[in-house]
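S.K.: After the sequence you'll find the predicted model.
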Amino acid sequence: MRYSIFSLIGQTLKGHRGWQPTWRDAAPKPEYDVLIIGGGGHGLATAHYLASRFGINNVAVIEKGYIGSGNVGRNTTIIRSNYLLPGNTPFYELSMKLWQGLEQDVNYNAMVSQRGVLNLFHSDPQRDAYARRGNAMRLAGVDAELLDRERVRAMVPFLDYETSRFPIQGGLLQRRGGTARHDAVAWGYARAADSRGVDIVQNCEVTGVTIMNGRVSGVATTRGPIRAKKVALVVAGNSSRVAAMAGMRLPIESHVLQAFVSEGLKPLIDCVVTFGAGHLYISQSDKGGLVFGGDIDGYNSYAQRGNLPVIEDVMEAAMGLWPGLGRVRLLRHWGGIMDMSMDGSPIIDHTPVQGLYLNAGWCYGGFKATPASGFCFAHLIAKDEPHPVAAAYRLDRFATGRVIDEKGAGAQPNLH
Amino acid sequence: MRIPCPHCGARDVQEFTYLGDAGLQRPDGLAATEAAMFDYVYLRDNLRGLHEELWYHGAGCHAWLAVRRHTLTHAIESAVPAKSRWTGAAA
Ligand SMILES: Cc1cc2nc3c(=O)[nH]c(=O)nc-3n(C[C@H](O)[C@H](O)[C@H](O)COP(=O)(O)OP(=O)(O)OC[C@H]3O[C@@H](n4cnc5c(N)ncnc54)[C@H](O)[C@@H]3O)c2cc1C
Ligand SMILES: [Zn+2]
């Protein structure tokens, strides 16, 4: 069923009793051409692009929980392409372009909202760094504007401009950045892939990877073995564990990141704002809750929940930026487990095992990458060669010295 | 999360700085192969389960500790001076 104004009116007249399930709850078949481990945003997007752009339909997405139970349903929904390094900029810009056409492509309302992402700066050196970043973006064809304090104030008048410990001097604005409804992204890709014959298998955990003569031949799961010609590993947060099933050790640590939502409020803030003097970003969801987050907790974790120090740290930064927030009550908070890679950048590559492909290391910025990650991973799997904009995301870059370290933090994953 | 420092007692995690896996052994820089050095700098077991890791008690005794902590439950089994991990002696 295609969604449109006519199907909506038709269903309204029929009391909404005729809607079909959004995708089939498939049982695993014995064999597939491509088996994707992980039904997060990236795995589902990979399946959609394999089927819609590369004509590969005999595909399964194997998910240990339910669709959207991982980071794709836990993130703070920010999308942007304001990256500095040449390995990153064209990739994230492709992602932004795919976001702009996503809803038409998958026929699903993902509530993509280009409300602007504003990164504040608070000192002269930080202004220079942002000017450099903005220039790098513009050279790569990405939109960027450097705003002085008065132009920032006109956009978000209620921040603390003068009296705070770190007075706001201005900001770098990407107007095409914004937010997208995270669950709808998972559901939209799932539905689009399903409609082209992809099997989405939920509550099925991969427990082993079968390798014969250096070539992958399938996987073991909690619902029995499944054979496959190609296996794609895309399990954000659990990459080391699944890679270990194929005998690999990765340049990755798993860390927990928390997110927070306030009680619902009337429209207050119509863009995404990031604080430059600490780690804090804030926006308002269409339901009215303020959505915000900050640093990772900083130690290895698979717990999907964090601890109090980071909650305090985020609240302090929020109060420093926007004192009026002190009157707002926090409604809920949660955590997600992410792959923190050794240079803060992702991996989309072949592995030493033939027919086994790896998509990992997205750190806390992988939601915005979902469309391009799926597209480039599908390209790699279908053609056995990397897509040009993802060619730098090699697994061997750590050994060859071609790391992509946006933050310049070195091989210390909790600092990226 | 509170870490039972052997010198200071149980203290809030905010007093500590995390470094990571305590099981890594830095190879001899002059003798090591490039591959061994790459392994040490970049690759991690990244276990889900008991993980032996290094924490620095910066707001307390200034000692490096080797802490055994479960990465799924965050439960801490033990914390000993990091030195003793290599020398076997109680520091
Ligand atoms: C709190 C928080 C806030 C964030 N905010 C942002 C943001 O604002 N902007 C942004 O760009 N990014 C953000 N991120 C990062 C982003 O969410 C992730 O990088 C991205 O979602 C990861 O890709 P994914 O969607 O495929 O992951 P997931 O949704 O986690 O998908 C991986 C799936 O693999 C499954 N799996 C794991 N092991 C197995 C197995 N053995 N067998 C079968 N299935 C398995 C998991 O159950 C999971 O569903 C945030 C992350 C968190 C935690
Ligand atoms: Zn101490």
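M.R.: Alright, I've got the coordinates. Residues are numbered from 1 along each chain as shown, chains lettered A, B, ... in the order given. Ligands and ions are numbered 1, 2, ... in the order given.
S.K.: can you count the residues close to residue 81?
M.R.: Since no chain was named, I'll use chain A. Close neighbours of residue A:81, defined as other CB atoms under 10 Å in any protein chain shown, add up to 28. In this view, the C-beta of every residue, glycine as well, is placed from N, C-alpha and C.
S.K.: wait, chain B
M.R.: Here the neighbour count serves as a burial measure; for residue B:81 (other CB under 10 Å) it reads 18.
S.K.: any idea how far it lies from residue A:376?
M.R.: Counting by CB to CB, to the nearest Å, the gap from residue B:81 to residue A:376 is 47 Å.
S.K.: can you check residue A:290 too?
M.R.: According to CB to CB, residue A:290 and residue A:376 sit 33 Å apart.
S.K.: Looking at those two, which has the bigger crowd around it?
M.R.: Neighbours were tallied for residue A:290 and for residue A:376 using other CB under 10 Å; the higher tally belongs to residue A:376 (27 against 22).
S.K.: Tell me which residues touch the residue nearest the centre of chain B, please.
M.R.: In chain B, the C-alpha closest to the average C-alpha coordinate belongs to residue B:54, at a distance of 1.8 Å (CA atoms, centre = their mean). Under the criterion of CB atoms under 8 Å, 6 or more residues apart in numbering or on different chains, the contact partners of residue B:54 comprise B:18, B:19, B:20, B:21, B:22, B:64, B:65, B:66, B:67, B:82.
S.K.: give me the low-pLDDT residue ranges for chain A?
M.R.: Counting by pLDDT under 70, not a single residue of chain A qualifies.
S.K.: Could you point out the helix or strand that follows the helix or strand hosting residue B:41?
M.R.: In this assignment (DSSP states H and E), residue B:41 forms part of helix B:34-42. Past helix B:34-42, heading to the C-terminal end, the next element that is a helix or strand (DSSP H and E) is strand B:50-56.
S.K.: What pairs with the next helix or strand after that following strand, parallel or antiparallel?
M.R.: Beyond strand B:50-56 in the direction of the C-terminus, DSSP H and E gives the next helix or strand as strand B:64-70. Take DSSP bridges as the rule and strand B:64-70 pairs in its sheet with strand B:50-56 (antiparallel), strand B:76-81 (antiparallel).
S.K.: which other residues reach strand B:64-70?
M.R.: The contact list for strand B:64-70, computed with CB under 8 Å, 6+ apart, reads A:299, B:3, B:5-6, B:16, B:19, B:22, B:49-57, B:75-85.
S.K.: How about chain B: which residue is closest to ligand 1?
M.R.: residue B:48 (10.3 Å; CB to the nearest ligand atom).
S.K.: Apart from its chain neighbours, what residue comes closest to that residue?
M.R.: Leaving aside its sequence neighbours, residue B:48 sits nearest to residue A:302 (CB to CB, 6 or more residues apart in numbering or on different chains; 4.5 Å).
S.K.: Return the residues in contact with that neighbour.
M.R.: Listed by CB under 8 Å, 6+ apart, the contact partners of residue A:302 are A:237, A:238, A:254, A:337, B:48, B:71, B:72.
S.K.: Can you flag the buried ones in the residues you listed?
M.R.: By the neighbour-count criterion of 16 or more other CB atoms under 10 Å in any protein chain shown, these include these buried positions: A:237, A:238, A:254, A:337, B:48, B:71.
S.K.: Which strands or helices does the helix holding residue B:41 pack on?
M.R.: Contacts of helix B:34-42 with other secondary structure elements, assessed using 3 or more CB pairs under 8 Å, 6 or more residues apart in numbering or on different chains; DSSP states H and E, are made with helix A:397-400.
S.K.: elements contacting the helix it packs on?
M.R.: Contacts of helix A:397-400 with other secondary structure elements, assessed using 3+ CB pairs under 8 Å, 6+ apart, are made with helix B:34-42.
S.K.: In the helix it packs on, which residues are buried?
M.R.: The neighbour-count criterion (16+ other CB under 10 Å) identifies B:38, B:39, B:41, B:42 as the buried residues of helix B:34-42.
S.K.: Check the offset of it from the chain's centre.
M.R.: In this view, helix B:34-42 has its centroid 19 Å away from the chain centroid, taken as CA atoms, centre = their mean, to the nearest Å.
S.K.: pLDDT averaged over that helix - what is it?
M.R.: Per-residue pLDDT values over helix B:34-42 give a mean of 95.
S.K.: Output it in PDB with nothing but the alpha carbons.
M.R.: Provided in PDB are the C-alpha atoms of helix B:34-42 (Å, rounded to 0.1, in the frame of the first residue of the first chain):
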ATOM      1  CA  GLU B  34      55.300  -2.700  13.100                       C
ATOM      2  CA  ALA B  35      52.400  -5.300  13.300                       C
ATOM      3  CA  ALA B  36      52.900  -5.800  17.100                       C
ATOM      4  CA  MET B  37      52.900  -2.000  17.700                       C
ATOM      5  CA  PHE B  38      49.800  -1.600  15.500                       C
ATOM      6  CA  ASP B  39      48.100  -4.300  17.600                       C
ATOM      7  CA  TYR B  40      49.000  -2.600  20.900                       C
ATOM      8  CA  VAL B  41      47.900   0.900  19.800                       C
ATOM      9  CA  TYR B  42      44.700   0.200  17.900                       C
END
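S.K.: Run through who's touching that helix.
M.R.: So helix B:34-42 is in contact with A:251, A:342, A:398, A:399, A:411, B:24, B:25, B:26, B:27, B:29, B:32, going by CB under 8 Å, 6+ apart.
S.K.: same deal with stretch A:152-170?
M.R.: Outside stretch A:152-170, the residues touching it (CB under 8 Å, 6+ apart) are A:116, A:118, A:120-124, A:126-127, A:146-149, A:151, A:171, A:173, A:268-269, A:271, A:273, A:276-278, A:320-324.
S.K.: just the buried members of those?
M.R.: Taking 16+ other CB under 10 Å as the criterion, what is buried in the contacts of stretch A:152-170 is A:116, A:118, A:120-122, A:126-127, A:146-147, A:149, A:171, A:173, A:268-269, A:271, A:273, A:276-278, A:320-322.
S.K.: Are we agreed that residue A:134 is in a strand?
M.R.: No. The secondary structure assignment for residue A:134 gives helix rather than a strand, going by DSSP: H, G, I helix; E, B strand; the rest coil.
S.K.: Understood, closing this out.
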